[in-house]
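Novice: Could you look at this predicted model? Sequence included:
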Amino acid sequence: MLQGDDRLYTLSFLILCTSYALFGASFNMLIPELPSFLTSLGGENYKGFIISLFTLTAALSRPISGKLADTIGRVPVMIIGAVVCIGCSLLYPLLSGIAGFLLLRLIHGFSTGFTPTAITAYVADIVPDHRRGEAMGILGVSINLGASASPPIGSYLTMTYSLDTMFYTSSAIAVLSVLLLIRMQETLQDKQSFRFDMLKLNRHELIDKHSLVPAAICGLSYFGFGVVLTIVPDQCEYLGMSNKGMFFTSITVFSILSRLVAGRISDKYGRVIVMTFSAFCLAFSYLLMAFVDSPVELLVASGAIGFSIGLMSPALFAWTIDRSSAANRGKAMGTMYIGLEAAIGVGALMSAAIYQNDGTKFGSVFFVTAAVTSFSILFLLKQRGKSEVMS
């Protein structure tokens with residue numbers, strides 16, 4: 001960031017946000033229809049793996065993507081993730097068995113293991129420090145715009161044309177994301193040329209110790225997202241909501257609304273107080289999900305979830321950067337994302353294990369989810385009064 005430059009909405013920032021929106025649209029477009037697709041392959045008992053396998057490779061790749069973002073540069077790492085989306089979406093129509101589907105979900109997870117890590121580090125490089133929370137909020141709005149628009153479009157393409165049409169459209173959107181990134185100016189100082197030995201990690205390169213607390217809070221807060229992604233498509237059908245993408249649109253629209261102000265509030269009043277309030281709201285939202293009995297109630301509860309996550313994310317992302325050094329921003333974001341993806345994967349498996357394709361068990365799943373989310377409140381209360389900047 002140039003000394004004295006107070007601008008946030010630069011051309012680079014706006015291009016990056018547009019690319020991130022397209023990236024989010026590419027893989028979120030598939031989510032509402034993947035459970036039915038897996039069922040058509042005979043894998044209805046493997047629905048918990050749709051999200052958990054995706055997040056497994058995302059989490060495992062974070063230390064590598066963080067290291068590469070801090071060595072070869074932010075831009076190449078962003079592009080790698082988007083290219084994975086292109087290839088995987090082209091391969092889904094070729095699948096004819098459960099094993100192939102599960103393997104492809106593993107590979108697809110590398111996309112979110114790479115692109116978000118590098119993008120958040122890039123944004124931290126180019127925005128003013130005192131507007132970091134606001135910047136993370138707008139960046140979150142970007143991916144949420146893509147995520148909110150694409151699931152209903154994916155469901156519409158599937159219902160009107162075919163699943164293959166949806167997959168090819170997803171791939172085309174990821175291509176557009178890459179085209180925007182190719183001309184981006186690298187922000188990493190003293191970047192190095194790629195060498196294969198960079199893929200080897202010692203124990204000091206796996207995590208950023210200053211990001212362990214944010215990673216734990218992130219995991220507890222996002223545990224429920226794995227639950228939502230896994231069982232809510234079935235819950236929509238159970239309650240008679242034909243376009244399952246509408247649920248995810250409700251989440252992301254309300255998330256966008258809260259993100260527009262949440263980052264700025266955290267810049268002014270502090271990260272921890274904003275995160276604590278949002279954790280209370282999120283736990284309450286999952287309790288609402290346990291009692292929904294109609295499509296309208298489902299949309300209301302999903303809006304509450306989205307609003308709560310939208311409050312949490314900008315403050316959490318900015319807090320992670322606050323606590324890290326400039327030289328380790330990629331590793332710091334990778335560490336935080338490990339907590340996020342590990343929790344989403346566990347949430348997906350837990351929810352599938354409790355649910356067992358039985359529509360009467362949705363309430364039980366969300367009671368457990370609310371309880372797990374409540375532990376993030378305890379973590380955050382212990383952080384009150386401590387310095388929010390540790391680097």
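Specialist: Yes, it's here.
Novice: Touching, Ser12 and Arg183? I think so.
Specialist: No - the pair Ser12 / Arg183 is not scored as a contact, 10.1 Å apart, by Cβ atoms under 8 Å. Every C-beta, even on glycine, is put in place using the N, C-alpha and C of the backbone.
Novice: Looking at these two, which has the bigger crowd around it?
Specialist: Higher neighbour count among Ser12 and Arg183: Ser12, with 16 against 8, using other Cβ atoms under 10 Å.
Novice: helices or strands up against the host helix or strand of that one?
Specialist: Assigned by DSSP states H and E, Ser12 belongs to helix 11-28. With contacts taken as 3 or more Cβ pairs under 8 Å, 6 or more residues apart in numbering; DSSP states H and E, helix 11-28 sits against helix 74-91, helix 98-126, helix 132-160, helix 163-181.
Novice: could you say what helices and strands the helix or strand that comes right after the last one packs with?
Specialist: Under the assignment DSSP H and E, the closest C-terminal helix or strand after helix 163-181 is helix 203-206. The contact analysis (3+ Cβ pairs under 8 Å, 6+ apart) places helix 203-206 against helix 48-69.
Novice: next one: the helix it packs on to chain centre, how far?
Specialist: Here helix 48-69 shows a centroid-to-chain-centroid distance of 11 Å under the convention Cα atoms, centre = their mean, to the nearest Å.
Novice: distance of Asp125 from Leu188?
Specialist: Going from Asp125 to Leu188 by Cβ to Cβ, to the nearest Å gives 7 Å.
Novice: Pull out the buried residues from the lowest-mean-pLDDT helix or strand in the chain.
Specialist: The helix or strand with the lowest mean pLDDT-type score in the chain, counting by mean pLDDT, DSSP states H and E, is helix 203-206 (a mean of 76). For helix 203-206, burial by neighbour count (16 or more other Cβ atoms under 10 Å) applies to Glu205, Leu206.
Novice: Which elements pack onto the helix or strand that that helix is followed by?
Specialist: Going down the chain from helix 203-206, the next helix or strand is helix 212-238, by DSSP H and E. Secondary-structure packing of helix 212-238 (3+ Cβ pairs under 8 Å, 6+ apart): helix 34-40, helix 48-69, helix 245-269, helix 271-291, helix 295-322, helix 329-355, helix 362-383.
Novice: same for the fourth one, what does it pack against?
Specialist: Applying 3+ Cβ pairs under 8 Å, 6+ apart, one finds that helix 271-291 contacts helix 212-238, helix 245-269, helix 295-322, helix 362-383.
Novice: Could you check the first one and say which residues are buried?
Specialist: When neighbours are counted by 16+ other Cβ under 10 Å, the buried residues of helix 212-238 are found to be 213-236.
Novice: Same check on the third one?
Specialist: By neighbour count on 16+ other Cβ under 10 Å, the buried set for helix 295-322 is 295, 298-322.
Novice: Likewise for stretch 23-38?
Specialist: 23-38.
Novice: tell me which of those residues is nearest to Asp208?
Specialist: Phe23 (23.7 Å; Cβ to Cβ).
Novice: Give the full set of residues in contact with the closest one.
Specialist: By Cβ atoms under 8 Å, 6 or more residues apart in numbering, Phe23 lies in contact with Gly81, Ala82, Cys85, Ser111, Thr115, Ile143, Gly146, Ala174, Ser177.
Novice: Quick one: low-confidence residue ranges for this structure.
Specialist: Filtered on pLDDT under 70, the chain yields the residue ranges 1-5, 385-391.
Novice: Leu106 touches Ala58, doesn't it?
Specialist: No - counting by Cβ under 8 Å, Ala58 is not a contact partner of Leu106; they are 9.8 Å apart.
Novice: coming back round to it: and the contacts of Phe23, which is closest to Met246?
Specialist: Ranked by distance to Met246 (Cβ to Cβ), those are led by Gly146 at 16.1 Å.
Novice: What is the burial count for the closest one?
Specialist: 23.
Novice: Pull up the gap between it and Gly113, please.
Specialist: In terms of Cβ to Cβ, Gly146 sits 18 Å off from Gly113.
Novice: Check Thr160 too.
Specialist: 33 Å.
Novice: Not counting residues beside it along the chain, what's closest to Tyr92?
Specialist: Nearest in space to Tyr92, with sequence neighbours left out and distances taken as Cβ to Cβ, 6 or more residues apart in numbering, is Phe167 at 4.5 Å.
Novice: Distance check, that neighbour against Gly87.
Specialist: From Phe167 to Gly87 the distance is 11 Å (Cβ to Cβ).
Novice: more crowded one of those two?
Specialist: Neighbour count, other Cβ under 10 Å: between Phe167 and Gly87, Phe167 has more, with 25 against 15.
Novice: what's near enough to touch that one?
Specialist: Neighbours of Phe167 in contact, by Cβ under 8 Å, 6+ apart: Leu30, Ser89, Leu90, Tyr92, Pro93.
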